[in-house]
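J.: Here is my input, please return the structure:
(one chain, ligands or ions: 1)
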Amino acid sequence: MSFFEAHDPEFSTYVLGNAPVKQLATGFDWVEGPVWFGDANCLLFSDIPNNRIMRWTPDEGISIYREPSNYSNGHTRDLQGRLISCEHGTRRVTRTEHDGSITVIADSYEGKKLNSPNDVVVKSDGSIWFSDPHYGIMTNYEGYKASQELPCNVYRVSPDDLSITVVVTDMDCPNGLAFSPDESLLYVADTAAMFKEDAERHIRKYKVDNDITKDGQIFHTISPGASDGFRLDTDGNIWSSAADGVHCINPMGKLLGKILVPELVSNVCFGGRAKHQLFITATTSIYTITLNRQGAQYP
Ligand code: MG
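T.: Down below sits the predicted model:
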């Protein structure tokens, strides 16, 4: 069987012909938020409905990292290597300090509770950018059912005083997000189509100017499925989740090819020895594949 589907000849140089898509672990309910800790040689990810963060290492396999996790979803690391987590259950973004204590980064905006922070990235100035759709408060499955107090926005948290500003307000359900390698662009996925058949399934591209986003343009429409999360490689190609696997989209918005995964993919991250290994969270399982590409280095 082939693990790839090329839509452009260039894609054949991005993949290794003999590298398989490998299942690392399975038996979860809905996994998301993968983040690689190279210094600990491990992957963390959320098993959201089971209210836990899991840990995988090449030598020891799977163990529980944190339970309960407050229904955590997306994760990333900050410039000091600390874990930054989106939590549905507590409707907040947190930082896990090196001593294990938890610092709340954001839980409200203008006196109103956040919805359910979903995905997060850190810019090279240390600011924390996160999406806040309402998925975690719609039912009791991935958090606690509650009423929505704020629109579904994207926010920026200042590294200096943790003050919060709203940076994207024109999307239905902003979800995955990531910067271009030079941080001049912010890509944000809209997953409204997961619940509204006629809604767009696009990734939008915003210019970033002095931490203000502008000119939000439709960059690429994912099919089948929708983009829940993505990460970029060093040349600015986007590796995005989709219903049939991981789609590789170049900076012009063209689909170059797909990595085929047997379950619906939610998110990805780069890691491994040379940042050339793509870790894939897909419904009930974790998969990996080694690529001939490396995850983006940010300024
Ligand atoms: Mg997500």
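J.: Contact partners for V265?
T.: G225, D228, S241, A242, A243, G245, V246, I280, T281, A282, T283 (CB atoms under 8 Å, 6 or more residues apart in numbering). For glycine as for every other residue, the C-beta is placed from the backbone atoms N, C-alpha and C.
J.: pLDDT value on it, please?
T.: As predicted, V265 sits at a pLDDT of 97.
J.: same deal with A199?
T.: The predicted structure scores A199 at 65 on the pLDDT scale.
J.: Next, find the distance separating the closest residue in space to C86 that isn't next to it in sequence from A178.
T.: Once its chain neighbours are removed from consideration, C86 has its nearest residue in P117; the separation is 3.7 Å (CB to CB, 6 or more residues apart in numbering). Shown here: P117 relative to A178, a distance of 15 Å by CB to CB, to the nearest Å.
J.: Which of the two has more residues huddled nearby?
T.: A side-by-side neighbour count of P117 and A178, using other CB atoms under 10 Å, places P117 first with 27 against 24.
J.: which SS state does the more buried one fall under?
T.: Local secondary structure at P117 is given as coil here, using DSSP: H, G, I helix; E, B strand; the rest coil.
J.: And it, what's its pLDDT?
T.: We note a pLDDT of 98 for P117 in this prediction.
J.: so what's it up against?
T.: Residues counted as contacts of P117 (CB under 8 Å, 6+ apart) are N73, G74, C86, E87, H88, R91, R92, V93, A106, F130, S131, D132.
J.: Pick the one among those residues closest to D211.
T.: Distance to D211 across these (CB to CB) is lowest for F130, with 14.0 Å.
J.: among the contacts of V265, which are in strands?
T.: Of the positions in those, S241, A242, G245, V246, I280, T281, A282 sit in strands, assigned by DSSP state E.
J.: wait, isn't the fifth one in contact with V261?
T.: Yes: under the criterion of CB atoms under 8 Å, I280 is in contact with V261, at a separation of 6.0 Å.
J.: hey, what's in contact with both of these two?
T.: V21, V246, Y287.
J.: what about stretch 149-164, start to end distance?
T.: Start-to-end span of stretch 149-164 (CA to CA, to the nearest Å) is 16 Å.
J.: Need the contact partners of that stretch.
T.: Contact partners of stretch 149-164, identified using CB under 8 Å, 6+ apart, comprise 93, 105-106, 109, 112-115, 125-134, 165-169, 171-174, 177, 186, 188, 211, 213.
J.: let's see it at 6 Å
T.: With contacts defined as CB atoms under 6 Å, 6 or more residues apart in numbering, stretch 149-164 is touched by 105-106, 109, 112-113, 126-134, 165-169, 173-174.
J.: Now do Y155 against the ion, distance only.
T.: Using CB to the ion, to the nearest Å, Y155 is found at 15 Å from the ion.
J.: Which residues does that residue form beta bridges with?
T.: Note on Y155: beta-bridge partners by DSSP bridges are F130, V166.
J.: residue contacts, the residue nearest to the spatial centre of the chain?
T.: The C-alpha lying nearest the average C-alpha coordinate of the chain belongs to G229 (CA atoms, centre = their mean; 4.1 Å). With CB under 6 Å, 6+ apart as the criterion, the residues that contact G229 are D119, G176, S241, N267.
J.: Show me what H247 is bridged to.
T.: Beta-bridge pairing of H247 under DSSP bridges involves S240, K258.
J.: from now on call the first residue 39
T.: Yep, numbering from 39; the last one is H285 now.
J.: before we move on, the earlier item: which of the ones in strands among the contacts of V303 lies closest to L54?
T.: Nearest to L54, judged by CB to CB, of these is V284 at 14.6 Å.
J.: Start and end of stretch 145-156, how far apart?
T.: Calculated as CA to CA, the first-to-last residue distance of stretch 145-156 is 13 Å.
J.: Run the chain-centre distance for it.
T.: Going by CA atoms, centre = their mean, to the nearest Å, the spacing between the C-alpha centre of stretch 145-156 and its chain's C-alpha centre is 19 Å.
J.: just stretch 204-222 next, same as before
T.: For stretch 204-222, the separation from the chain centroid amounts to 11 Å (computed by CA atoms, centre = their mean).
J.: Just the CA trace of that stretch, in CSV.
T.: Taking only C-alpha atoms (Å, rounded to 0.1, in the frame of the first residue of the first chain), the coordinates of stretch 204-222 have been written out as CSV:
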residue,chain,number,x,y,z
VAL,A,204,-8.4,40.2,20.6
VAL,A,205,-6.6,39.7,17.2
VAL,A,206,-9.2,37.8,15.0
THR,A,207,-12.9,38.5,15.2
ASP,A,208,-14.2,37.6,11.7
MET,A,209,-14.3,33.7,11.8
ASP,A,210,-17.1,31.4,12.7
CYS,A,211,-15.1,28.9,14.7
PRO,A,212,-11.3,29.6,14.7
ASN,A,213,-9.4,26.5,15.6
GLY,A,214,-5.9,25.5,14.6
LEU,A,215,-3.4,28.4,14.1
ALA,A,216,0.3,28.9,13.3
PHE,A,217,2.7,31.5,12.1
SER,A,218,4.7,31.5,8.9
PRO,A,219,8.4,30.9,9.6
ASP,A,220,9.2,34.7,9.4
GLU,A,221,6.0,35.4,11.5
SER,A,222,4.7,37.9,8.9
